[in-house]
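Chemist: kindly generate the corresponding structure for this input.
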Amino acid sequence: MAQEAAARIERPGIGTAIPRRRYRVGNFSFVILGDIESRDGRDYRWILAAVVDGESEPGMYITAERLPARERDEGQYGVRLILPGGSQVLDRSDAYRDLEAFAHAAVDLARTVLNLGDEEVRRLQ
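Modeler: Residues are numbered from 1 along each chain as shown. A predicted model of the protein is given here:
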């Protein structure tokens with residue numbers, strides 16, 4: 001039971017969202033969501049969800065979320081990596097308001113974290 005709890009992921013609280021981009025990298029599908037209605041109090045601009053083939057739920061998320069005013073000294077948006085072991089803001093920038101900037105950074109980060117550096121990135125949508 002303790003191992004099961006440790007393996008759970010802190011999923012973003014998504015009420016509604018619209019898929020904006022889809023990618024295929026190795027045996028993973030990446031979906032970038034936008035127009036997100038949050039149910040957890042965070043102001044999400046974009047969310048990348050990474051799903052491995054054969055699974056029904058994402059095993060990793062990368063978000064661009066508007067930071068609280070006290071944390072905006074380096075930018076309004078933070079890129080948060082969410083894994084089963086926890087989450088951490090890795091970068092801050094106003095640039096992540098833009099879909100292109102977020103998509104580029106998030107796909108690169110996902111490839112690094114998932115050790116997919118040699119896999120071709122195919123944009124599907």
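Chemist: ok, longest helix in the chain?
Modeler: helix 99-113 (DSSP state H).
Chemist: that helix packs against which elements?
Modeler: For helix 99-113, the packing partners by 3 or more C-beta pairs under 8 Å, 6 or more residues apart in numbering; DSSP states H and E come out as strand 14-25, strand 28-38, strand 43-52, strand 60-66, strand 77-83, strand 86-93. C-beta: built from backbone N, CA, C; applies to glycine.
Chemist: try it again at 7 Å.
Modeler: Other helices and strands packing on helix 99-113, by 3 or more C-beta pairs under 7 Å, 6 or more residues apart in numbering; DSSP states H and E, are strand 14-25, strand 28-38, strand 43-52, strand 60-66, strand 77-83.
Chemist: mean pLDDT for those strands - can I get that in TSV?
Modeler: As requested, the helices and strands packed on helix 99-113 are exported to TSV (pLDDT from 0 to 100):
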stretch	mean pLDDT
strand 14-25	97
strand 28-38	98
strand 43-52	97
strand 60-66	97
strand 77-83	96
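Chemist: hey, which of those strands is tucked in deepest?
Modeler: Burial of the helices and strands packed on helix 99-113 is given as mean neighbour count (mean count of other C-beta atoms under 10 Å); strand 60-66 ranks first at a mean of 23.
Chemist: what pairs with that one, parallel or antiparallel?
Modeler: strand 43-52 (antiparallel), strand 77-83 (antiparallel) (DSSP bridges).
Chemist: tilt between the first one and helix 99-113?
Modeler: With axes from the mean of the first three to the mean of the last three C-alpha atoms, to 10 degrees as the basis, strand 43-52 and helix 99-113 are set at 40 degrees to each other.
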